[in-house]
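Participant: pasting the sequence and the predicted coordinates here, then a few questions.
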Amino acid sequence: MKQQLLEQFNKIFGGEGEEAKVYFAPGRVNLIGEHTDYNGGHVFPCALTIGTYGVARKRNDRMLHMYSMNFKELGVIGSSLDDLTPSKEAGWTNYPKGVIWAFLQKGMEVTNGMDLLLFGNIPNGSGLSSSASVEVLTGAILRDMYGFEVFNQDLALIGQYAENRYNGVNCGIMDQFAIAMGKADNAIFLDTATMQYEYAPISLKGAKLVISCSNKKRGLGDSKYNERRSECETALAELQKAVDIRTLGDLDEAQFEKYKAAIRDDVRVRRARHAVYENQRTIKAVAALKADDIEEFGRLMNASHVSLRDDYEVTGLELDTLVEEAWKVEGVIGSRMTGAGFGGCTVSIVKDGAIEAFKEQVGKKYRETVGYDADFYVVEIGGGPAIL
Ligand code: GLA
């Protein structure tokens, strides 16, 4: 892989000058704890062995020349450090550019341009965080190129800062954190209120993680995402008139039931109920996993989906079809949508012997119901950013 990428790089940018280096940052999947990261709750994601490869070389001038093997038709997209404003024409390069901008904002002097070639093997538009992967990758490249003293955790925060301030998506910290802090065979139990985290080994013993990709691109998703965030913020402000809390994650189920009348609108009650119950479910799921009770973990995954469908309303026909059919397949331990929703993919824990039947049955139902194919990937849990 490394050799092929370097060859591609030399073909596009020429082999002259300083030697180019090859980097990698993973994608991520969230096992449980959805739409909790901007509500002061817990999340439980893991990094994947699939992700984004980058070949980079410092330039002598201030030009940025970027090429993606996933968007070959766009060719080399050029820009300059002297004009880092985001633009539509910049396309995918707004992600690496946003991170360069964020480094500069944080006082780290990126003085030279670079040639950058990317290749991602995260399925396109799947909701496995290809953009956060590119962000953390760019941070890892800059750190190595300039010797900046930033920890992996900082790469996550800088990536989120770039996404929020440069690319205008008001996302939480989960994706960038899962990618920057990834550890092979472990998921990360992160409390987004305190940023304390612990690794939890995932040994599925005779089962695998299967991603079902709906092939429905997000589209409207980003605006809906910001809408959900503000519904939760309003519900929190209403609750704060009745009870002393900092985030929705401060409440358990009983406290929520006690104070929910303070929320003046039924839709907001449901949004907040999801945030509170999902946070508690995540805590319970990690406890179940530690107790080696994978069946309970699976039941909590299923309950998470129901709540995202009925209370948070971020699923839709595609994700519901994938999950509800998965529940019918014998050997499925748990299945739910993962990521922001409105498209993207689902995550299921499926016993080894049932994986073929799963693909066939869920694939058939999906085609019949939605009219096009879903894609299935058996994935493995990998580490964080790396220099190859
Ligand atoms: C997206 C965001 C994350 C998180 C999830 C939902 O992936 O980037 O911060 O909010 O949606 O859990």
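Facilitator: Arrived safely. Predicted model, so just to flag it, every value in this text is computed and none were measured.

Participant: so Pro201 touches Asp185, yeah?
Facilitator: Yes. Pro201 is within contact range of Asp185, at 6.1 Å (criterion: CB atoms under 8 Å). In this view, the C-beta of every residue, glycine as well, is placed from N, C-alpha and C.

Participant: tally of neighbours for Asn152?
Facilitator: By the measure other CB atoms under 10 Å, the count of residues near Asn152 is 17.

Participant: the helix-or-strand element of the chain with minimal mean pLDDT packs against which elements?
Facilitator: In the chain, the helix or strand scored least confidently by mean pLDDT, DSSP states H and E is helix 221-240, which has a mean of 91. The elements that helix 221-240 packs onto, with contact taken as 3 or more CB pairs under 8 Å, 6 or more residues apart in numbering; DSSP states H and E, are helix 266-290.

Participant: so which residues of this protein form helices?
Facilitator: Along the chain, the segments classed as helices by DSSP state H run 2-13, 94-105, 130-146, 152-165, 174-180, 221-240, 253-259, 266-290, 294-310, 317-328, 355-370.

Participant: okay, the ones you listed in JSON lines with distance to Asn215 next?
Facilitator: As requested, the helices of the chain are arranged in JSON lines below (distance: least, CB to CB, whole Å):
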{"stretch": "helix 2-13", "distance to Asn215": "27"}
{"stretch": "helix 94-105", "distance to Asn215": "22"}
{"stretch": "helix 130-146", "distance to Asn215": "14"}
{"stretch": "helix 152-165", "distance to Asn215": "24"}
{"stretch": "helix 174-180", "distance to Asn215": "20"}
{"stretch": "helix 221-240", "distance to Asn215": "14"}
{"stretch": "helix 253-259", "distance to Asn215": "36"}
{"stretch": "helix 266-290", "distance to Asn215": "26"}
{"stretch": "helix 294-310", "distance to Asn215": "19"}
{"stretch": "helix 317-328", "distance to Asn215": "8"}
{"stretch": "helix 355-370", "distance to Asn215": "9"}
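
Participant: in contact with Lys208, which residues?
Facilitator: Lys208 makes contact with Ile349, Val350, Asp352, Ile355, Val378, Val379, according to CB atoms under 8 Å, 6 or more residues apart in numbering.

Participant: repeat for Arg246
Facilitator: Per CB under 8 Å, 6+ apart, neighbours of Arg246: Gly40, Ala193.

Participant: for it, what are phi and psi?
Facilitator: The phi/psi pair for Arg246 (degrees, to the nearest 10) reads phi -100, psi -30.

Participant: so what pLDDT did it get?
Facilitator: Arg246 is assigned 98 on the pLDDT scale.

Participant: okay, now the unreliable bits of the stretch 101-250 of the chain?
Facilitator: 217-222 (pLDDT under 70).

Participant: what does it put close to the ligand?
Facilitator: By the rule CB under 6 Å from any ligand atom, the part of the stretch 101-250 of the chain lying against the ligand is Cys171, Gly172, Met174, Asp175.

Participant: who wins for neighbours among those residues?
Facilitator: Asp175 (30 neighbours).

Participant: which residues does the closest residue to that residue other than its chain neighbours contact?
Facilitator: In this structure, Asp175 finds its nearest non-sequential neighbour in Ala132, 3.7 Å apart by CB to CB, 6 or more residues apart in numbering. When contacts are counted by CB under 8 Å, 6+ apart, Ala132 is found next to Arg28, Gly159, Glu163, Asp175, Gln176, Ile179.

Participant: kindly indicate which of the residues you listed lies nearest Phe71.
Facilitator: Ranked by distance to Phe71 (CB to CB), those are led by Glu163 at 19.2 Å.

Participant: just give me the neighbour total for the closest one.
Facilitator: For Glu163, the count of nearby residues is 24 (other CB under 10 Å).

Participant: still on that earlier bit, widest-spaced pair of the contacts of Lys208?
Facilitator: Every pair of the contacts of Lys208 checked by CB to CB; the farthest is Asp352 and Val379, at 14.1 Å.

Participant: these two: which has the busier surroundings?
Facilitator: Val379 (18 against 13).

Participant: quick one, what contacts Asn10?
Facilitator: Contacts of Asn10 (CB under 8 Å, 6+ apart): Ala20.

Participant: chain neighbours aside, what residue packs nearest to the closest residue to the ligand within the stretch 251-388 of the chain?
Facilitator: Going by CB to the nearest ligand atom, the ligand is nearest to Ala340 of the stretch 251-388 of the chain, at 3.5 Å. With CB to CB, 6+ apart as the criterion, Ala340 has its nearest non-adjacent residue at 5.4 Å, and that residue is Tyr225.

Participant: Provide a list of residues in contact with that neighbour.
Facilitator: Val169, Asn170, Cys171, Ala340, Phe342.

Participant: if I look at the fourth one, how far off is Phe189?
Facilitator: Relative to Phe189, Ala340 is positioned 20 Å away (CB to CB, to the nearest Å).
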